[in-house]
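1. sequence and predicted model, in that order:
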Amino acid sequence: MKTKEVIARARKVAKKFRVEKGRAFRLKNIDPDDTLGFTKEEHKPMAKEALATGVQALAELQDKLYAQDKWAVLLVFQAMDAAGKDGAIKHVMSGVNPQGCQVSSFKAPTSEELDHDYLWRCTKALPNRGIIGIFNRSYYEELLVVRVHPEFLAKQKLPPKLVTKRIWDERYEDIRNFEKYLTNNGVVVRKFFLHVSRKEQQRRFLERIDDPLKNWKFSSADAAERDYWNDYMDAYERMIQETATKNAPWYVIPADNKWFTRVAVAAAVIEALADLKLEYPQVDEAKLRDLAAARKKLTRK
């Protein structure tokens with residue numbers, strides 16, 4: 001399949017899950033089990049083929065991004081535990097040149113990070129021009145786990161007079177402005193919420209417990225967070241409502257079926273790169289003369 005055809009198909013899929021105007025967004029309208037009508041039994045092999053084709057197209061686009069060295073791309077992944085972030089990143093980016101991609105994972109902040117503003121650790125990890133940067137969790141944790149667990153906010157050493165009832169609205173505004181700043185400076189921001197159901201998360205947790213080879217993936221803290229499920233869903237919904245914009249949209253991807261999740265994520269990334277209309281750099285007359293001289297020298301007997 002030609003790259004143009006892959007891009008056209010990717011746009012159709014990505015459009016289904018893109019959120020640009022957050023105010024009207026409601027999480028209840030997104031079914032975590034949605035596969036756009038494709039069934040696992042009939043279409044899973046086709047999805048694998050589509051992913052492989054998409055990865056190939058993505059590699060071609062990424063090569064142009066790297067060569068052109070004008071744009072940077074930032075992909076932000078947020079999700080509940082066991083939603084499949086790591087797997088999606090691994091499979092979708094499997095064909096990308098490692099030199100043109102960097103992944104940063106953000107866990108609980110260190111003591112050094114707590115001595116800075118909450119954007120500091122993410123700002124340090126922003127991708128260079130020509131690079132696709134991936135944030136496995138991000139500054140959005142401030143609007144999720146910190147909001148659900150206010151005790152974490154107390155550890156950030158903020159002056160008491162700054163911790164008001166408006167702090168979350170202020171952080172929504174901070175992040176919108178930050179992403180606008182990135183956009184104005186050539187960083188393309190695309191954000192993904194992998195939306196897994198509570199039932200499917202339970203199944204995956206039990207699988208990790210029952211399979212000795214997956215025991216290392218499970219933490220008792222993961223199960224404990226399930227007690228706050230509704231609080232997290234409210235936080236995710238509000239986060240998307242407040243920070244989805246045309247230039248930095250959210251893609252709310254159904255995550256109960258990993259095979260479909262990966263195809264949908266790949267489609268959104270392909271769309272983002274295709275929108276940049278990337279081309280290999282054009283060489284000037286001086287460069288052409290240098291190339292001709294080099295050829296002549298290399299072919300001289």
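-> Received, thanks.
2. buried stuff in the strand or helix carrying Val55?
-> Secondary structure from DSSP states H and E places Val55 in helix 40-68. Within helix 40-68, the residues that qualify as buried are 43-44, 47, 50-51, 53-55, 57-58, 61-62, 64-66, counting by 16 or more other C-beta atoms under 10 Å. All C-beta atoms are positioned from the backbone trio N, CA, C, and that covers glycine.
3. just stretch 167-186 next, same as before
-> Residues of stretch 167-186 classed as buried under the neighbour-count rule (16+ other C-beta under 10 Å) are 167-168, 171-172, 175-176, 178-179, 182-183.
4. just to revisit the earlier point, could you single out the nearest of the buried residues of helix 40-68 to Glu285?
-> Lys64 (22.6 Å; C-beta to C-beta).
5. now the helix or strand Gln241 falls within: average pLDDT?
-> Using DSSP H and E, Gln241 maps to helix 229-243. Summarised as a single mean, pLDDT over helix 229-243 is 98.
6. tell me which helix or strand comes right after that helix.
-> Assignment by DSSP H and E places the next element after helix 229-243 at strand 250-254.
7. with just CA atoms, put that next one into CSV.
-> Only the C-alpha atoms of strand 250-254 are listed here, as CSV (Å, rounded to 0.1, in the frame of the first residue of the first chain):
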residue,chain,number,x,y,z
TRP,A,250,-6.3,14.8,22.9
TYR,A,251,-6.9,11.5,21.3
VAL,A,252,-9.1,9.4,23.6
ILE,A,253,-8.3,5.9,22.4
PRO,A,254,-10.4,2.8,23.5
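8. quick one: strands adjacent to it?
-> strand 18-19 (antiparallel), strand 187-195 (parallel) (DSSP bridges).
9. hang on, the earlier thing: and the helix holding Gln241 with strand 187-195, angle?
-> 150 degrees (axes from the mean of the first three to the mean of the last three C-alpha atoms, to 10 degrees).
10. which neighbouring elements make contact with helix 229-243?
-> helix 145-148, helix 167-184, strand 187-195, strand 250-254 (3 or more C-beta pairs under 8 Å, 6 or more residues apart in numbering; DSSP states H and E).
11. in this protein, where is pLDDT below threshold?
-> 1, 39-44, 301 (pLDDT under 70).
12. OK, contacts around the nearest residue to Asn128 once chain neighbours are set aside?
-> Excluding the flanking residues, the one nearest Asn128 by C-beta to C-beta, 6 or more residues apart in numbering is Ala72, at 6.2 Å. Applying C-beta atoms under 8 Å, 6 or more residues apart in numbering to Ala72 gives the contacts 126-133, 186-188.
13. top of those by neighbour count?
-> Ile132 (26 neighbours; other C-beta atoms under 10 Å).
14. so what pairs up with that one in the strands?
-> Under the criterion DSSP bridges, Ile132 forms beta bridges with Val73, Cys101.
15. my guess is it meets Lys64, correct?
-> No: the pair Ile132 / Lys64 is not scored as a contact, 11.9 Å apart, by C-beta atoms under 8 Å.
16. Gly84: which of the strands paired with strand 250-254 is closest?
-> strand 187-195 (5.8 Å).
17. got the angle for that closest one vs helix 40-68?
-> Using the same axes, to 10 degrees, strand 187-195 lies at 160 degrees relative to helix 40-68.
18. so who does Lys246 touch?
-> Glu20.
19. burial count for Leu288?
-> Neighbour tally, Leu288, other C-beta under 10 Å: 10.
20. swap that for Val148, please
-> 16.
21. circling back to that earlier point, measure the residue nearest to Asn128 to Phe25 for me?
-> Shown here: Ala72 relative to Phe25, a distance of 27 Å by C-beta to C-beta, to the nearest Å.
22. ok, Thr164 next?
-> 26 Å.
23. among the two, which residue is more densely surrounded?
-> Phe25 (19 against 10).
24. leaving out chain neighbours, which residue sits closest to Val163?
-> Excluding the flanking residues, the one nearest Val163 by C-beta to C-beta, 6+ apart is Leu153, at 6.9 Å.
25. what is the burial count for the one you found?
-> 15.
26. how far off centre is the helix or strand where it lies?
-> Using DSSP H and E, Leu153 sits in helix 150-154. Put simply, helix 150-154 sits 26 Å off its chain's centre (C-alpha atoms, centre = their mean, to the nearest Å).
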